[in-house]
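Asks: what follows is a predicted structure for the sequence shown.
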2 protein chains.
Amino acid sequence: MKRVMLTVAYDGTNYHGWQLQSNVPTIESVLNEKLSGLLKEEIKVIGASRTDTGVHALGNIAVFDTTARMPADKISYALNQRLPADIRIQSSCEVAQDFHPRHQTSKKTYEYKILNSAFPIPVYRLYTHFTYVPLDVAKMQKAAAHLVGEHDFKSFCSVNTTVETTVRTIYELTVEKSQDIITIRVTGSGFLYNMVRIIAGTLIEAGRGSLHPDAMPDILNACDRAKAGPTAPACGLTLVKYEFFV
Amino acid sequence: MKRVMLTVAYDGTNYHGWQLQSNVPTIESVLNEKLSGLLKEEIKVIGASRTDTGVHALGNIAVFDTTARMPADKISYALNQRLPADIRIQSSCEVAQDFHPRHQTSKKTYEYKILNSAFPIPVYRLYTHFTYVPLDVAKMQKAAAHLVGEHDFKSFCSVNTTVETTVRTIYELTVEKSQDIITIRVTGSGFLYNMVRIIAGTLIEAGRGSLHPDAMPDILNACDRAKAGPTAPACGLTLVKYEFFV
C-alpha cells in the first residue's frame, strides 16, 4: 500500500465544484472514477481544497492510497489519458502514509481576476469577473494592505460555516493591472469559506469608490459578514498552488 | 441609409468560423440574425477577416447598411443584449458609405499563443496550442526576424487559394515568453490564407530544433508550401486588431 499525491489542474466551468455529490459532475467524482478504472481497485481521493462550483485550479492537491504496482510518478501520464480535457494532472508522486493535505501545515495561493473594460471580452469570460465600472487599482492596493497579517477574518467568511477559529494569516496580498485585467493574488495560511471571493468583492467596492480603503480595519474588527463587500462570482477565482511545510 | 462599423470580439470555439454557411453556427450568421431582429430590417454584414473555425478575435471588423434611426454608437449596447456570451461588440460607429473593410488599406495584428509546459493546463486549453516539447524562444525570435519586411509569402500560404499576388509586408513579428505561454505577435499589411498559422507552425519547428533559424530565407525563396512547417492548430490564433489608414 502506498499513498500518492496528485497536483490537479482544472477548468471548473462545467463542474459542481470539487466535492462528491450524487448525480452531478464534480472533480472528486471524476478522479475517483478514472483512478479506479486505471488502477483496477476502488480509489477514493482526499482533496486539499474543496473548491466551489465554477472555481478553477492550477494546482489543487489530492492524495489516495493504492496497492497497485504502477510507479507513483507514472500515474499522472496514465491518468491524463483517461481524464476529460478540462482536468489535467500536473504531477504525481509518493508521499508518507500519514500525509493528509488538509492537516498538513501549508501556504495556499489564490488569484482572483477581474476584466475591467467597457464591454465583456468573450475569450476572458470563463476565467474573469467582468465589470465595466472603472476600478482604481491604487485604492484597491491601499485597502488590500490592511488585510495582510494575522487577523480574525470573521467578516470575510460566509455565515453558515462551522470552524474552530476564524483567525487566519495572509502573508501576501497584491493587486496588479495588466491591460484590462486586474489580478488580486493572495497567499495565506488558510482561507475561510468564500474568504477570497469576499476579499475580492470588498476590494472591488474600494476600487469603485463606494468604500474607503481605510475602512478595512473597522470591517475586520466588526467580525460581521454584513460589513464586508459582496461575494465576487466564482468564475474569477483560481486556486494557484499549495506549498507544504515539512 | 447609413453605414455602421462594428468591432467584434468572439470566442471561436463553438463556431464554424466567420463566414455564412448553411446549418452550422458562424459569427456572420449570428450577427445577421441578431442585427436584423434589433433593427427590424434584413441586415447583411461584410466582415474584414473571414476567420477559420475555432479562431478567436478581440477586434474583427464588420460593416452593414441600415435605414434604422438608432444612433450608430448605441447599436453596440443594444446588440450585446441579444448576442450569446461568446460574441461581444466592442464599439459601433458610423463610417463613410463607401467604406469597405476588405478594400481599405489597413494593418492587421494577430497573436498566436503556445502553452509550452510538461502537461496541458485546462484553463488555457481553448486559447493556446499545447506542446510539451521545450521550445527555444531565442531560436524562434531569430527565425522570425527573417520574415519581417516585404516578401513573397507563397511558402506560407495554404495551396488551394486564388489571390492576385502572394507578396505581403510584415511590419512586426515578435516572440515572447511569459511563464509557460509563448506569444507570437505579428502585424502586417495583410495575410494569406492560413499564413499566420503556418508562420506559427514553422517558428515552432525552429524552436524545437528541427529547423535552423537561418533556413527561413530559403523557405521564402522556394515559394513552395511544402518547405514551410505545418499549419498550427486554430485554437491558438486570435485576431487582435485592425488599423485603417485614411
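Replies: Alright, I've got the coordinates.
Asks: what parts of chain A come near chain B?
Replies: A:9-11, A:56, A:58, A:76, A:80, A:85-91, A:118-123, A:125-127, A:238 (Cβ under 8 Å from any Cβ of the partner chain). For glycine as for every other residue, the C-beta is placed from the backbone atoms N, C-alpha and C.
Asks: recalculate using a threshold of 6 Å.
Replies: A:9-11, A:56, A:85-86, A:88, A:90, A:119-123, A:125, A:127 (Cβ under 6 Å from any Cβ of the partner chain).
Asks: farthest pair in these?
Replies: Maximum pairwise distance among the residues of chain A next to chain B (Cβ to Cβ): 33.8 Å, between A:Gln90 and A:Phe119.
Asks: hang on, the earlier thing: just the buried residues of the residues of chain A next to chain B.
Replies: The neighbour-count test (16 or more other Cβ atoms under 10 Å in any protein chain shown) marks A:9-11, A:56, A:86, A:88, A:90, A:119-123, A:125, A:127 as buried among those.
Asks: got a markdown table for the residues you listed, with secondary structure and pLDDT too?
Replies: Below are these laid out as a markdown table (DSSP: H, G, I helix; E, B strand; the rest coil; pLDDT from 0 to 100):
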| residue | secondary structure | pLDDT |
| --- | --- | --- |
| A:Ala9 | strand | 98 |
| A:Tyr10 | strand | 98 |
| A:Asp11 | coil | 98 |
| A:His56 | strand | 98 |
| A:Asp86 | coil | 98 |
| A:Arg88 | strand | 98 |
| A:Gln90 | strand | 97 |
| A:Phe119 | coil | 95 |
| A:Pro120 | coil | 97 |
| A:Ile121 | coil | 97 |
| A:Pro122 | helix | 98 |
| A:Val123 | helix | 97 |
| A:Arg125 | coil | 97 |
| A:Tyr127 | coil | 98 |
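Asks: which residues does A:Ala234 contact?
Replies: The contact partners of A:Ala234, by Cβ atoms under 6 Å, 6 or more residues apart in numbering or on different chains, come to A:52, A:54-55.
Asks: nearest to chain B among those?
Replies: Nearest to chain B, judged by Cβ to the nearest Cβ, of the contacts of A:Ala234 is A:Val55 at 11.0 Å.
Asks: for that closest one, give its distance to A:Phe156.
Replies: Remark: distance between A:Val55 and A:Phe156 (Cβ to Cβ, to the nearest Å) = 16 Å.
Asks: now do the spatially closest residue to A:Gly190 that is not a sequence neighbour: how many residues are near it, please.
Replies: On the basis of Cβ to Cβ, 6 or more residues apart in numbering or on different chains, the spatially nearest residue to A:Gly190 that is not a chain neighbour turns out to be A:Arg168, at 5.5 Å. Using other Cβ atoms under 10 Å in any protein chain shown, the number of residues around A:Arg168 comes to 21.
Asks: quick check: pLDDT value at A:Arg168.
Replies: With respect to pLDDT, A:Arg168 scores 96.
Asks: can I get the contacts of A:Ala234 in a markdown table including secondary structure, neighbour count and distance to B:Pro101?
Replies: Formatted as a markdown table, these follow (DSSP: H, G, I helix; E, B strand; the rest coil; neighbours: other Cβ atoms under 10 Å in any protein chain shown; distance: Cβ to Cβ, whole Å):
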| residue | secondary structure | neighbour count | distance to B:Pro101 |
| --- | --- | --- | --- |
| A:Asp52 | coil | 18 | 43 |
| A:Gly54 | coil | 18 | 37 |
| A:Val55 | coil | 26 | 40 |
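Asks: let's have those in JSON lines, adding pLDDT.
Replies: Converted to JSON lines, those look like this (pLDDT from 0 to 100):
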{"residue": "A:Asp52", "pLDDT": "95"}
{"residue": "A:Gly54", "pLDDT": "96"}
{"residue": "A:Val55", "pLDDT": "98"}
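Asks: and of those residues, the nearest to B:Thr67?
Replies: A:Gly54 (43.2 Å).
Asks: who's in contact with A:Val163?
Replies: Contacts of A:Val163 (Cβ under 6 Å, 6+ apart): none.
Asks: make that A:Tyr127, sorry
Replies: B:Val123.
Asks: give me the phi and psi for it.
Replies: Main-chain dihedrals, A:Tyr127, degrees, to the nearest 10: phi -130, psi 10.
Asks: for the strand or helix carrying the residue nearest to A:Gly190, packing partners?
Replies: Here A:Arg168, judged by DSSP states H and E, is contained in strand A:167-178. For strand A:167-178, the contact count by 3 or more Cβ pairs under 6 Å, 6 or more residues apart in numbering or on different chains; DSSP states H and E identifies helix A:137-145, strand A:181-188 as packing neighbours.
Asks: out of the buried ones among the residues of chain A next to chain B, who's nearest B:Lys113?
Replies: The closest of those, once distances to B:Lys113 are taken by Cβ to Cβ, is A:Val123, at 10.3 Å.
Asks: you'd agree the closest one is up against B:Ala9?
Replies: No. A:Val123 is beyond contact range of B:Ala9, at 7.4 Å (criterion: Cβ atoms under 6 Å).
Asks: could you pull out the helices in chain A for me?
Replies: With helices called from DSSP state H, chain A shows them at A:27-39, A:72-82, A:137-145, A:195-208, A:216-222.
Asks: and the last one, how far out from the chain's middle?
Replies: Same thing as helix A:216-222. 24 Å (Cα atoms, centre = their mean, to the nearest Å).
Asks: do you know how far the residue nearest to A:Met216 when sequence neighbours are not counted is from chain B?
Replies: Nearest non-adjacent residue to A:Met216, counting by Cβ to Cβ, 6+ apart: A:His146, 3.5 Å away. As defined by Cβ to the nearest Cβ, to the nearest Å, A:His146 lies at a distance of 29 Å from chain B.
Asks: good, wrapping up.
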